[in-house]
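**Student:** pasting the structure only:
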């Protein structure tokens, strides 16, 4: 049974999201010469992430901001303004305030959408984690020299241009030897079909990323990868697993079937 959600518990879940992105981007930042131009700045509880060579909101956003941090808003906006990119704020319902929303609106920001975070506790020998998997699906960990395949699946699954395959491969390969990260390849009838990533730190596991090549969807690949990561987290004695997805999406439904429940739905604020 998952613990009852409290403001303190919601903060811990949000912190796990911050730890995941910090771990990923610090590793990318350590590539010789920091070719992606990674910067991470902390403003109290808020953390501003910036990746110069990935201009979209995927990595250029603010996590962990508290509704009382009104004095930090101008400083954070200046940080992104100096880098000629608008900020994107992820704001959780447990840590927002009317004053924060008014401040962002005054600066020309608006709520663009939502993103849902789910969670569940992990109990030793929980049979509910052992879901039936389509026998045509096999799952194993990626080898170090296979990340070009990871990049191909990732870009196809997320409808990204093929020109980004090498970039995706490199920026995940650097995490392969990190004990906090595990990368899974799912195959259908021995053909690469999907990927799933797990991040573990301080007893909390995070469903970091997962996607399936379009032609292999609706065959149980995502559910199989989810089940594999739940079992791995349990084996490693994690007490909780969390994940993010679009509200009401197929991934959302699969997470609910796996016993995860909604922790909160974040408000995504960006520039008009």
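**Tutor:** Thanks, I have the structure now. These numbers come from a predicted model, not from an experiment.
**Student:** contacts and neighbour counts: CA atoms only from here.
**Tutor:** Fine.
**Student:** domain boundaries for this structure, per the record?
**Tutor:** The record's domain parsing of the chain by automatic domain parsing lists 7-116, 123-238.
**Student:** looking at the ones you listed, which is nearest to residue 246?
**Tutor:** Ranking these by proximity to residue 246 (Cα to Cα) places domain 7-116 first, at 5.2 Å.
**Student:** so for that closest one, mean pLDDT?
**Tutor:** The average pLDDT within domain 7-116 is 94.
**Student:** can you measure across it, start residue to end residue?
**Tutor:** Length of domain 7-116, first residue to last, Cα to Cα, to the nearest Å: 16 Å.
**Student:** still on that earlier bit, quick one, which of the domains of the chain is nearest to residue 268?
**Tutor:** domain 7-116 (4.9 Å).
**Student:** returning to what we had before: dump the domains of the chain to JSON lines, plus distance to residue 263.
**Tutor:** What follows is those, written out as JSON lines (distance: least, Cα to Cα, whole Å):
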{"stretch": "domain 7-116", "distance to residue 263": "7"}
{"stretch": "domain 123-238", "distance to residue 263": "13"}
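**Student:** out of those domains, the one nearest residue 272 is which?
**Tutor:** Comparing these by Cα to Cα, domain 7-116 comes nearest, at 5.6 Å.
**Student:** just how off-centre is the closest one within its chain?
**Tutor:** Here domain 7-116 is found 14 Å from its chain centre; the criterion is Cα atoms, centre = their mean, to the nearest Å.
**Student:** now the strands for the stretch 151-272 of the chain?
**Tutor:** 181-188, 191-201, 204-212, 240-245, 261-271 (DSSP state E, counting those that start in this stretch).
**Student:** quick one: contacts of stretch 65-73?
**Tutor:** 43-47, 89-91, 95-100, 103-104 (Cα atoms under 8 Å, 6 or more residues apart in numbering).
**Student:** make a PyMOL selection of whichever of the residues you listed turn out to be buried.
**Tutor:** Only the buried entries of these go into this PyMOL selection, using 16 or more other Cα atoms under 10 Å:
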select buried, resi 43+46+47+89+90+91+95+96+97+100+103+104
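**Student:** tell me the helices in the stretch 51-200 of the chain, going along the chain?
**Tutor:** Secondary structure of the stretch 51-200 of the chain (DSSP state H, counting those that start in this stretch): helices at 70-82, 98-106, 147-157, 165-173.
**Student:** partner strands of the strand ranked longest in the chain, with direction?
**Tutor:** Determined from DSSP state E, the single longest strand within the chain is strand 109-121. Here strand 109-121 is paired, per DSSP bridges, with strand 240-245 (antiparallel), strand 261-271 (antiparallel).
**Student:** can you pull the buried residues of it?
**Tutor:** Using 16+ other Cα under 10 Å as the test for burial, strand 109-121 gives 109-111, 114-121.
**Student:** can you name the residues in contact with it?
**Tutor:** Under Cα under 8 Å, 6+ apart, the answer for strand 109-121 is 1-3, 104, 239-247, 255, 259-272.
**Student:** mind giving me the ChimeraX select for the residues you listed, buried ones only?
**Tutor:** Selection command for ChimeraX covering only the buried members of those, criterion 16+ other Cα under 10 Å:
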select :104,239,240,241,242,243,244,245,255,259,260,261,262,263,264,265,266,267,268,269,270,271
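**Student:** of all residues in the chain, which one is nearest the centre?
**Tutor:** Nearest to the mean C-alpha position of the chain, by Cα atoms, centre = their mean, lies residue 208 at 4.4 Å.
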